[in-house]
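Novice: Provided below are the primary sequence and the corresponding predicted coordinates.
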Amino acid sequence: MDSASTIKILILDDDTFMLKLLSRMLVKLGYTAIAMCDNGSDALKKIDHADTCPDLILLDLNMPNMDGIEFVRYLVDRQYHGKLILVSGEDERMLKTAEKLVHAHKIPMLGYVHKPVDPDKLAEILLGWKADVLNPLSPNRKIYSANDTKSAIANRELVNYYQPKVSVETGDVVGVETLVRWHHPQDGVIMPDRFIHVAEENNLIDDLTRLVLTQAIVQAGEWHRDGQTLRVSINVTMENLASLNFQDMVVNLVNENNLPPQKIVIEITESQVMGSDTRIPLEILTRLRLKRFHLSIDDFGTGHSSLSQLRDIPFNELKIDQGFVHRAWTDDTLRAIYDASLAVGKQLGMDIVAEGVEDRDDWELLRQTGCDMAQGNFISRPLLPADLPRWMAEWHSRVSTELLIGSTAS
């Protein structure tokens, strides 16, 4: 095998059979530097020494004496910098809660697997991580500074990609969401999680959003003139809504590009929507809505005041967060949250978009429940504008042959 054999892995489980089983699975995947412990105290002794401290821990949750949750707390005390995979026979809801706790402790977690462990699922989790470990200087791990980000904005290295939204009932392509990528001159395409937080922490997010917004509206105008009546969604932050000039900028851009305001959707992440002073954001959003722009509440259900936001702001689109959509067909907790979000949106007469549609089962759930629109990798990954026509032709073919939907009109 390759140099995966140099990666140190610790398996912590009180079941001897499970220790041996997981060890065999890892060996088959090329990992041979494996240590096993059947209790937390012995595992912590290995972590305390540099030569035995693992790069990755496979951790059982339910163990006598020191359980997995307590063990994680001791990892925090030791400032453990490796990764974690939870392995448990507990139900999905318990695992998701444990995962949330691990993330709250800021310990990097690759995922979790259920017992009995599926070797393919374990291999899938390990695949991307191994590439990062063996290539620690790859662009995906590089940290970008405020000056790097500022230069990227000034040099217009930030490029908009567009992820399609489609009608669940007809399969028609009804819109796109704007998603920014950094085309770095040396490192290639950099995803937004590598630079958005840098912009937010260094007062650059307003400039970044304005560049993205300008490019998106110009592109929307080109599509409109070419007969593509796509509705273009653009994410904005509370920083953008802090100045009344923002509303004028949006309106002027739309007018300059001869674009109907109905074709622009301003998306606000639900957890960000309102701070302590609501006057200026409320004025901006209300005035935009009066001018017939669409307003969307993004990642619905992930914040702390979802229903009050719907009460206070004239949204006409609700996006159900991907965390409540993918696999909701098989998870009772996710399904309950998905159903409740859908019902609230429907009762308020809003357009409902389900994010994170990753497979055919997700798609079928939306069809069965009457969701309006779908977005996710099952439909399409984010695309450059030049790639959209080819994808649309392929999608219309899928609609009629694979998904068996009657209407495919564009």
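Specialist: It's in.
Novice: hey, let's count contacts and neighbours off CA atoms from now on
Specialist: Noted.
Novice: my read: Phe239 touches Leu204, true?
Specialist: One correction, residue 239 is Glu, not Phe. No. Counting by CA atoms under 8 Å, Leu204 is not a contact partner of Glu239; they are 9.7 Å apart.
Novice: settle it for me: which of these two has more neighbours?
Specialist: Leu204 (19 against 16; other CA atoms under 10 Å).
Novice: for the more buried one, what are its contacts?
Specialist: Going by CA atoms under 8 Å, 6 or more residues apart in numbering, Leu204 touches Lys150, Val198.
Novice: swap in 10 Å and give it another go.
Specialist: Contacts for Leu204 (CA atoms under 10 Å, 6 or more residues apart in numbering) come out as Ala146, Asn147, Thr149, Lys150, Ile153, Ile196, His197, Val198, Glu239.
Novice: write a PyMOL command that selects only the buried members of the residues you listed.
Specialist: Remark: buried members of the contacts of Leu204, expressed as a PyMOL selection using 16 or more other CA atoms under 10 Å:
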select buried, resi 146+149+150+153+196+198+239
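Novice: check the contacts of Leu204 and tell me the two furthest apart.
Specialist: Asn147 and Glu239 (19.6 Å; CA to CA).
Novice: ok so, going back, tabulate the contacts of Leu204 (JSON lines), appending pLDDT and secondary structure.
Specialist: Below are the contacts of Leu204 laid out as JSON lines (pLDDT from 0 to 100; DSSP: H, G, I helix; E, B strand; the rest coil):
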{"residue": "Ala146", "pLDDT": "94", "secondary structure": "helix"}
{"residue": "Asn147", "pLDDT": "96", "secondary structure": "helix"}
{"residue": "Thr149", "pLDDT": "96", "secondary structure": "helix"}
{"residue": "Lys150", "pLDDT": "96", "secondary structure": "helix"}
{"residue": "Ile153", "pLDDT": "96", "secondary structure": "helix"}
{"residue": "Ile196", "pLDDT": "91", "secondary structure": "helix"}
{"residue": "His197", "pLDDT": "88", "secondary structure": "helix"}
{"residue": "Val198", "pLDDT": "92", "secondary structure": "helix"}
{"residue": "Glu239", "pLDDT": "82", "secondary structure": "coil"}
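Novice: flag every buried residue along stretch 106-114.
Specialist: Buried residues in stretch 106-114 (16+ other CA under 10 Å): Ile107, Pro108, Met109, Gly111, Tyr112, Val113, His114.
Novice: CA atoms only: put it into CSV for me.
Specialist: C-alpha atoms of stretch 106-114 as CSV (Å, rounded to 0.1, in the frame of the first residue of the first chain):
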residue,chain,number,x,y,z
LYS,A,106,-13.5,22.3,18.3
ILE,A,107,-12.1,18.8,17.8
PRO,A,108,-12.1,18.1,14.1
MET,A,109,-14.5,15.2,13.4
LEU,A,110,-14.5,13.3,10.1
GLY,A,111,-17.9,11.7,10.7
TYR,A,112,-19.5,8.7,12.4
VAL,A,113,-20.4,5.1,11.6
HIS,A,114,-23.0,2.9,13.0
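Novice: just to revisit the earlier point, reformat the buried residues of stretch 106-114 into TSV and put pLDDT and distance to His183 next to each item.
Specialist: Shown next, in TSV, are the buried residues of stretch 106-114 (pLDDT from 0 to 100; distance: CA to CA, whole Å):
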residue	pLDDT	distance to His183
Ile107	85	29
Pro108	84	27
Met109	87	28
Gly111	87	29
Tyr112	88	33
Val113	89	35
His114	88	38
